[in-house]
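Enquirer: coordinates only, no sequence provided:
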């Protein structure tokens, strides 16, 4: 596409955005400059997560930690607890590390260029480009799933994702303007989120409809094409629902590295790929010696790359003081910032024990 056509498309999209931009709590309004802290926080939260899910977490984080220096001073356990339910918990750990680095080494100021931003914990190519464009209006090619879908349809790119990602980024780069880079980046994402949706796109309202090759060819519902995903494997574990005589429940913190790293959990065996755990073999991983009985039913949860089936054993320990972990009164379990899968375990155990 030549530069004249690219400029025309950019201007028409910006005109549409000026009228129809989504009202989001991290966006600046009234001509104010975006707050880089707000932009960074929202972009990290939005990785692999929907806008609707992120909004209440974003507002809660700002209420607790209104600046990057306040977030840096927070205890990591508090940050992980506030993040509980958003998933992908490595993001929360990197978020805290990044806040500490920015507060200590940079006096609370984020880098303004993509290269500097990519040096921060948890900031990859997409996030660096988004922050540079949106927070600092730097020309940058911002490509998320919404933008990929828009490009695939606008140019009728038939090759499937994910192999075609570099081609879609190249096409997006050819349209990205030098001026109003931040507004343009948000405009393309809004276009994909509100009109050029995965199913039943509102093509009649699209400012690019006259130039959309997929619309002209009747291919909008078929693009972007995707490779068939491999079936998710299933893993198995056994969780130990351990209750003290006063009703307190035993929790423990998972290792810092790995899935759900640093989060509190109901103690469990490792999660293995082959077959469910029998009670006899699982007892080697019990938090301490005690009397255990299996509870009926299975707790299922789906992570990005696998399904998890957890059975539960309930018991009381002969010597509760010997068990490493945290004894939590049942009325305070909701305050512990437990990941979703562990909240499911607790609900099941309370119903079946």
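Expert: Nice, I can see it. Everything quoted here is computed from the prediction, not taken from an experiment. Residues are numbered from 1 along each chain as shown.

Enquirer: residues in contact with stretch 74-85?
Expert: Residues from elsewhere that reach stretch 74-85 (Cβ atoms under 8 Å, 6 or more residues apart in numbering): 57, 60-61, 64-65, 71, 89, 91-93, 95-96, 262-263, 335-340. Using the backbone N, CA and C atoms, a C-beta is placed for each residue, glycine as well.

Enquirer: again with stretch 113-124
Expert: Contact with stretch 113-124 is made by 40, 44, 90-91, 94-95, 97-98, 101-102, 110-111, 125, 127-129, 131-132, 138, 140, as judged by Cβ under 8 Å, 6+ apart.

Enquirer: can you count the residues close to residue 22?
Expert: 12 (other Cβ atoms under 10 Å).

Enquirer: for it, which non-adjacent residue is spatially closest?
Expert: Excluding the flanking residues, the one nearest residue 22 by Cβ to Cβ, 6 or more residues apart in numbering is residue 190, at 5.5 Å.

Enquirer: for residue 224, same thing?
Expert: residue 152 (3.6 Å).

Enquirer: with residue 279 instead?
Expert: Among residues not flanking residue 279 along the chain, residue 294 sits closest, at 5.9 Å (Cβ to Cβ, 6+ apart).

Enquirer: tell me who's in contact with the one you found.
Expert: Going by Cβ under 8 Å, 6+ apart, the list of residues near residue 294 reads 279, 311, 312, 313, 314.

Enquirer: surely residue 167 and residue 160 touch.
Expert: No. Counting by Cβ atoms under 8 Å, residue 167 stays clear of residue 160, with 11.1 Å between them.

Enquirer: picking that back up, can you select the buried ones from the contacts of stretch 113-124 in PyMOL?
Expert: Entered in PyMOL, the line below selects the buried ones among the contacts of stretch 113-124, by 16 or more other Cβ atoms under 10 Å:
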select buried, resi 40+44+91+94+95+98+102+110+111+127+128+129+131+132+138+140
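
Enquirer: show me the contacts of stretch 113-124 that map onto helices.
Expert: 40, 44, 90-91, 94-95, 97-98, 101-102, 125, 127-129, 131-132 (DSSP state H).

Enquirer: residue boundaries of the helices in this protein?
Expert: 3-20, 36-46, 51-64, 68-73, 76-83, 90-105, 114-118, 125-136, 145-154, 165-175, 181-194, 213-217, 279-282, 340-352.

Enquirer: show me what contacts the residue of the chain most remote from its centre?
Expert: Most distant residue from the mean C-alpha position of the chain: residue 318, 41.0 Å away (Cα atoms, centre = their mean). Residue 318 is in contact with 288, 289, 290, 291, counting by Cβ under 8 Å, 6+ apart.

Enquirer: let me know how buried residue 86 is, in neighbour terms.
Expert: Residue 86 - counted by other Cβ under 10 Å - has 19 other residues nearby.

Enquirer: so how far is residue 304 from it?
Expert: Noted for residue 86: a distance of 13 Å to residue 304, by Cβ to Cβ, to the nearest Å.

Enquirer: again with residue 186
Expert: Residue 186 is 26 Å from residue 304, by Cβ to Cβ.

Enquirer: these two - which one has more neighbours?
Expert: Taking neighbours as other Cβ under 10 Å, residue 186 and residue 304 compare with residue 186 leading, 21 against 9.

Enquirer: isn't that one up against residue 134?
Expert: Yes. Here residue 186 reaches residue 134: they are 6.3 Å apart, a contact under Cβ under 8 Å.

Enquirer: which residue ranges of the stretch 201-350 of the chain form strands?
Expert: 234-242, 249-253, 264-265, 290-294, 299-302, 307-317, 326-328 (DSSP state E, counting those that start in this stretch).

Enquirer: tell me the strands beside the last one, with direction?
Expert: Right, the one you point to is strand 326-328. Strand 326-328 pairs in its sheet with strand 249-253 (antiparallel), by DSSP bridges.

Enquirer: would you map out the domains in the protein?
Expert: What automatic domain parsing lists as the domains of the chain is 3-222, 234-352.

Enquirer: residue 166: how many residues sit nearby?
Expert: 10.

Enquirer: and if you look at residue 242?
Expert: The burial count for residue 242: 27, using other Cβ under 10 Å.

Enquirer: any idea how far it lies from residue 250?
Expert: Look at residue 242 and residue 250: by Cβ to Cβ, they are 4 Å apart.

Enquirer: what do those two both touch?
Expert: 267, 287, 317, 323.

Enquirer: could those residues go into a markdown table alongside neighbour count and distance to residue 181?
Expert: Below are the shared contacts of residue 242 and residue 250 laid out as a markdown table (neighbours: other Cβ atoms under 10 Å; distance: Cβ to Cβ, whole Å):
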| residue | neighbour count | distance to residue 181 |
| --- | --- | --- |
| 267 | 20 | 50 |
| 287 | 20 | 54 |
| 317 | 21 | 60 |
| 323 | 20 | 55 |
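
Enquirer: noted, bye for now.
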